[in-house]
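Undergrad: Need coordinates for the below:
(one chain, ligands or ions: 1)
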Amino acid sequence: MDSRTKGKTVMEVGGDGVAVITLINPPVNSLSFDVLYNLKSNYEEALSRNDVKAIVITGAKGKFSGGFDISGFGEIQKGTRKEPKVGYISIDIITDLLEAARKPSVAAIDGLALGGGLELSMACHARISTPGAQLGLPELQLGVIPGFGGTQRLPRLVGLTKALEMILTSKPVRAEEGHSLGLIDAVVPSAELLTTARRWALDIVERRKPWISSLLKTDKLPPLGEAREILKFARGQTRKQAPNMKHPLMCLDALETGIVSGPRVGLEKEAEVGSQVISLDTTKGLIHVFFSQRGTVKVPGVTDRGLMPRKIKKVAIIGGGLMGSGIATALILSSYPVILKEVNEKFLEAGIGRVKANLQSRVRKGSMSKEKFEKTMSLLKGSLDYESFRDVDMVIEAVIENISLKQQIFADLEKYCPQHCILASNTSTIDLNKIGERTKSQDRIVGAHFFSPAHVMPLLEIVRTNHTSAQVIVDLLDVGKKIKKTPVVVGNCTGFAVNRMFFPYTQAAMFLVERGADPYLIDSAVSKFGMPMGPFRLCDLVGFGVAIATATQFIENFPERTYKSMIIPLMQEDKRAGEATRKGFYLYDDKRKAKPDPELKKYIEKARSISGGNVDPKLVKLSEKEIIEMTFFPVVNEACRVFAEGIAVKAADLDIAAIMGMGFPPYRGGIMFWADSIGSKYIYSRLDEWSKTYGDFFKPCAFLAERGSKGAPLSAPVEQARSRL
Ligand SMILES: C[C@H](O)CC(=O)SCCNC(=O)CCNC(=O)[C@H](O)C(C)(C)COP(=O)(O)OP(=O)(O)OC[C@H]1O[C@@H](n2cnc3c(N)ncnc32)[C@H](O)[C@@H]1OP(=O)(O)O
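TA: Numbers count the residues shown, from 1 in each chain. Sure, this is the predicted structure:
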């Protein structure tokens, strides 16, 4: 492949008169402009050649296509590539050249056909697939819409309701389901894929199989009135579930146009809307997240050294509490044999019981069969001593946050575990160098910081010290991928990346209510901004015990920028400790529904009198925009510190940490991306002003001051920015 081009297609014409066009653009055969333009010329050639009767489109190396090349959207957004004429690919190439051709085409689908890949196949006159293939239109997840005819062809092939489900959830279906839906014409083993597709194509030519243009099908579409009702319902749901995003509704417009005014007008509408959505801010954020999420496993100086992950055959976990049992669940779910160690029978039984309960809840919800449950549970063994640790490849310690206990455990591990064994701690606060102080194994000590519940939350902070070997990080990155977590590699410090960013967020919220802001308005503004819940509702959910323990760590380590609020400790004294006690910032009924509590005022007033602050009339009347700024700019400030200190290597890693660890809305692109969309100058000036009025909690750090004073982007690499400034 020419190194200047991104992908290509090749065409081979067989003696049977079938031209096989193969999409080649590793690793997922994405449809770059180069691939698409090559496809067009192959097609034109196939149509003009007398020795070609029919065409088969397939993908190289067991993958049909992962869809349009997503980096192409970025190039259009940045203006480095001009978008072709609106509708050129979808209408001129895929519809008028391919679907309307005088020669039939069949898609031979192996592996995956996603987004533009599935859309291309839907324009073919039949689709043959292998059993494992995934078929879907996940475009909305990226902030774009199916733009190669998917909004028109999918409802015509599988019906409107199923098409809406597939498009709105972005979830793919497997080949068998695709077959029963009418999306796929036949499912065959890999080895028979091409021969079946070729035969099918010739059968169409010879009228033994129907020649179907998906775009012209009408049998699966509901009557107009019913279709309008279905779409109305879908719009209502979408408005509720994605209130800050425009593109899902714009996608529904394209679907509706096609149903009301016919597929050709629908295609034109899709093309128009598809081109508009590319410049939405939410789309820019989501595309940034797609690449950033994949970028977290690229760690300079670690993953660029040619190291291969070692095979982890067995893992031991110390501590069967909430975290330990969650981690064990995550591991056995991905087929790792696990030993769970506890200090006595009672705790061990409780730990294993928690793992069991985690899996049973899947069985109850129907996402796990009884057999799979038994098989998964059989991977877990209990232990009360270290004897069975002699052949483990990795240990994850998940006991309470007590330094001397952890030091003892690591000293014991060094004695019992094999030399190569990775020694990981799930600590969220304690310095890993201290934990390993009594060992000579500092190079294999690493943090594996999971988030609760560990078998559900998608993030894994991999914490390295100055001594942790690159091999150990590579190994843990591999385990992270296998247990379906997004790993972010961070440096060793109190709170790592996520908790350090979380802390100022909650603190800012406490500060504002002490100065007169309404906590319920803060929660509502923050939820509208896109967080799953506001800071007060969240404190109730995690419980005040945890909130106080974390706060203590920060007060000790970062006293100069801590706002010490007594609201939570005062409530705790009165045995209101959050949702578990049914009373916190809110009151909770039997169904865990939260209701504001007028009594809360009492605690706020008392806390205010202790801190000596006054009600500030300006803060009483904050707009929603000001609430967001005052709660999230301190987070940006801390993220800048984390970045400047090298705790995070890339700003994009902090974006992912904020999204997956804090619930920051992905369509805002993550904390640093969002900050840059607002501008460092503005953020710096606001924090600077507040720090003068309200104290050092808001004081911009040196990094922010440096970049903010020049308006330089906060996410630019640290070295580069230095040299520029
Ligand atoms: C006009 C059209 O309607 C618009 C579109 O088609 S938009 C695109 C729709 N397609 C998608 O959303 C699919 C996106 N891709 C995925 O979900 C997953 O990558 C996948 C399921 C295809 C493969 O997953 P997995 O095997 O875990 O590999 P994953 O690490 O995600 O990707 C492998 C590499 O392919 C790249 N890649 C995957 N899909 C891509 C795409 N559509 N465009 C460009 N690059 C893509 C990834 O960035 C990654 O690159 P890297 O190795 O340099 O980091």
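
Undergrad: Identify the residues contacting whichever residue of the chain sits closest to the ligand.
TA: Going by CB to the nearest ligand atom, the ligand is nearest to Gly115 of the chain, at 2.4 Å. (Each C-beta comes from the backbone N, C-alpha and C, glycine too.) By CB atoms under 8 Å, 6 or more residues apart in numbering, the contact set of Gly115 is 66-68, 136-139, 146, 148, 150.

Undergrad: Okay, and which of those residues map to strands?
TA: In strands, defined here by DSSP state E, the members of the contacts of Gly115 are Gly136.

Undergrad: Turn the contacts of Gly115 into CSV, including neighbour count, distance to Asn344 and pLDDT.
TA: As requested, the contacts of Gly115 are arranged in CSV below (neighbours: other CB atoms under 10 Å; distance: CB to CB, whole Å; pLDDT from 0 to 100):
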residue, neighbour count, distance to Asn344, pLDDT
Gly66, 23, 51, 98
Gly67, 29, 53, 98
Phe68, 27, 57, 98
Gly136, 24, 49, 98
Leu137, 31, 53, 98
Pro138, 20, 48, 98
Glu139, 27, 53, 98
Pro146, 30, 57, 98
Phe148, 31, 61, 98
Gly150, 30, 58, 98
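
Undergrad: export the contacts of Gly115 to TSV and tack on distance to Phe410?
TA: Written out in TSV, the entries for these read as follows (distance: CB to CB, whole Å):
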residue	distance to Phe410
Gly66	43
Gly67	46
Phe68	49
Gly136	45
Leu137	49
Pro138	43
Glu139	48
Pro146	52
Phe148	55
Gly150	53
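
Undergrad: and the ligand, which of the contacts of Gly115 reach it?
TA: With the criterion set as CB under 6 Å from any ligand atom, the members of these near the ligand are 66-68, 138-139, 146, 148, 150.

Undergrad: Show me which of those residues is closest to Ile93.
TA: When the ones next to the ligand among the contacts of Gly115 are compared for distance to Ile93 (CB to CB), Phe148 wins out at 8.9 Å.

Undergrad: wait, isn't that closest one in contact with Ser121?
TA: No: in this structure Phe148 lies outside contact range of Ser121 using CB atoms under 8 Å: 10.1 Å.

Undergrad: quick one: Leu168 from Lys406, how far?
TA: Leu168 is 46 Å from Lys406, where distance means CB to CB, to the nearest Å.

Undergrad: Just give the closest residue to Ala113, not the sequence neighbours.
TA: Sequence neighbours aside, Phe64 is the residue nearest to Ala113 in space, at 4.3 Å (criterion: CB to CB, 6 or more residues apart in numbering).

Undergrad: Quick check, the one you found in contact with Thr58.
TA: Yes: in this structure, Phe64 is within contact of Thr58 by CB under 8 Å, at 6.7 Å.

Undergrad: Please enumerate the shared neighbours of the two.
TA: Contact with both Phe64 and Thr58 is made by residues 23, 107-110, according to CB under 8 Å, 6+ apart.

Undergrad: Including neighbour count, could the residues you listed go into a markdown table?
TA: Conversion of these to a markdown table gives the following (neighbours: other CB atoms under 10 Å):
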| residue | neighbour count |
| --- | --- |
| Leu23 | 26 |
| Ala107 | 27 |
| Ala108 | 27 |
| Ile109 | 30 |
| Asp110 | 21 |
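
Undergrad: Now flag whichever of these is closest to Ile312.
TA: Distances from Ile312 to the shared contacts of Phe64 and Thr58, taken as CB to CB, are shortest for Asp110 (29.7 Å).

Undergrad: Now the common contact residues for Phe148 and Ser121.
TA: Shared contacts of Phe148 and Ser121, defined by CB under 8 Å, 6+ apart, are absent.

Undergrad: still on that earlier bit, Leu168 and Lys406: which is more packed in?
TA: Neighbours of Leu168 and Lys406, each counted by other CB atoms under 10 Å, are more numerous for Lys406; the result is 23 against 18.

Undergrad: Contact partners for the more buried one?
TA: Taking CB under 8 Å, 6+ apart as the contact definition, Lys406 lies against 397, 399, 425, 427, 430, 435.

Undergrad: cool, and Val620?
TA: For Val620, the contacting residues are 515-518, taking CB under 8 Å, 6+ apart as the criterion.

Undergrad: Same check on Ser65?
TA: Residues near Ser65 by CB under 8 Å, 6+ apart: 23, 28-31, 59, 112-114, 116-117, 120.
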